[in-house]
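[1] what shape does this take:
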Amino acid sequence: STWSEYEDSAGHRFFVDRATGEASYDKPEGFDEQWLVSQGKQLTARSVRSKTLAGGWEELVDPESGYSYYWHSESGATRWSLSPVE
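    So this is what the prediction gives:
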C-alpha cells in the first residue's frame, strides 16, 4: 500500500495515497499493519520492553505513541496482536 498519514492545520489526522493522490479522513483498511511493517526497525529501536513472552515474543511499548505491540526476537517480525497459540 502507498498510504501515508498526515495532520491538517486543525490537528485532524488524514491519509493520502501517494500513488493516486486520493485523500481520506477515514483510515484505509490495512494501514496499521502496513505502518508497523514499514516502521518496524525504527520502532523497535526506540521502544521499551514491557514483557517477555513465550516463543521468542516480547511485548514492547512505543514511548512516542504509548501503543503496545509484539516483536519476535529471532525473526524480527512485528505484530499489533498475537493469537493465543503463538
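
[2] contacts, neighbours, all on C-alpha from now
    OK.

[3] how many neighbouring residues does Tyr69 have?
    For Tyr69, the count of nearby residues is 21 (other Cα atoms under 10 Å).

[4] what helices or strands is the host helix or strand of it leaning on?
    Secondary structure from DSSP states H and E places Tyr69 in strand 68-72. Strand 68-72 sits against strand 57-61, strand 78-79, with contacts defined as 3 or more Cα pairs under 8 Å, 6 or more residues apart in numbering; DSSP states H and E.

[5] what's the angle between it and strand 57-61?
    Using axes from the mean of the first three to the mean of the last three Cα atoms, to 10 degrees, the inter-axis angle of strand 68-72 relative to strand 57-61 is 150 degrees.

[6] which residues sit in contact with Tyr70?
    Remark: with contacts taken as Cα atoms under 8 Å, 6 or more residues apart in numbering, Tyr70 is in contact with 57-60, 78-82.

[7] specify which member of those is nearest to Phe15.
    The nearest member of the contacts of Tyr70 to Phe15, counting by Cα to Cα, is Trp80 at 19.9 Å.

[8] can you tell me the closest non-neighbouring residue to the closest one?
    Excluding the flanking residues, the one nearest Trp80 by Cα to Cα, 6 or more residues apart in numbering is Tyr69, at 4.7 Å.
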